[in-house]
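# could you look at this predicted model? Sequence included:
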Amino acid sequence: MTTSAPLTCRLCAAPLRVRDLNRRLCGVCDEYAQHIALHSNKGLERILGELERGVTFVNASRHMH
């Protein structure tokens, strides 16, 4: 029997619920990314790429939620 690792948010590494599996984002990061995408007029996937590479966001999000 194989044990699969729990799925985590791709931005902050928080454990994901079943409803969060589609984008692989926790609720907090999903809402934040959507907010930034709307205000910057960029696509969500482009914003996610920028956030994933943003060390400041990743480090802060691991300690904030």
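That came through, no problem.

# give me the low-pLDDT residue ranges for the chain?
1-5, 55-65 (pLDDT under 70).

# top helix in it by residue count?
The residue-count maximum for a helix in the chain (DSSP state H) belongs to helix 27-40.

# just the CA coordinates for that helix, please, in PDB.
What follows is helix 27-40, C-alpha atoms only, in PDB (Å, rounded to 0.1, in the frame of the first residue of the first chain):
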ATOM      1  CA  GLY A  27      -8.700  29.800   0.400                       C
ATOM      2  CA  VAL A  28      -6.600  32.700   1.600                       C
ATOM      3  CA  CYS A  29      -4.100  32.500  -1.200                       C
ATOM      4  CA  ASP A  30      -6.800  31.900  -3.800                       C
ATOM      5  CA  GLU A  31      -8.700  35.100  -2.700                       C
ATOM      6  CA  TYR A  32      -5.500  37.100  -2.500                       C
ATOM      7  CA  ALA A  33      -4.400  36.000  -6.000                       C
ATOM      8  CA  GLN A  34      -7.800  36.800  -7.500                       C
ATOM      9  CA  HIS A  35      -7.700  40.200  -5.800                       C
ATOM     10  CA  ILE A  36      -4.300  41.000  -7.200                       C
ATOM     11  CA  ALA A  37      -5.200  39.700 -10.700                       C
ATOM     12  CA  LEU A  38      -8.300  41.900 -10.800                       C
ATOM     13  CA  HIS A  39      -6.500  45.000  -9.700                       C
ATOM     14  CA  SER A  40      -3.500  44.500 -12.000                       C
END
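
# list of residues touching that helix?
Under the contact criterion CB atoms under 8 Å, 6 or more residues apart in numbering, helix 27-40 has outside partners 9, 11-12, 14, 20, 23, 25, 43-44, 46-48, 51, 61, 65. Every residue, glycine included, has its C-beta placed from N, CA and C.

# what residues sit buried inside the helix or strand following that helix?
Per DSSP states H and E, the first helix or strand lying C-terminal to helix 27-40 is helix 44-53. Counting neighbours by 16 or more other CB atoms under 10 Å, one finds that the buried residues in helix 44-53 are 47-48, 51.

# same question, stretch 10-30
Buried residues in stretch 10-30, defined by neighbour count with 16+ other CB under 10 Å: 10-12, 14, 16, 20, 23, 25-26, 29-30.
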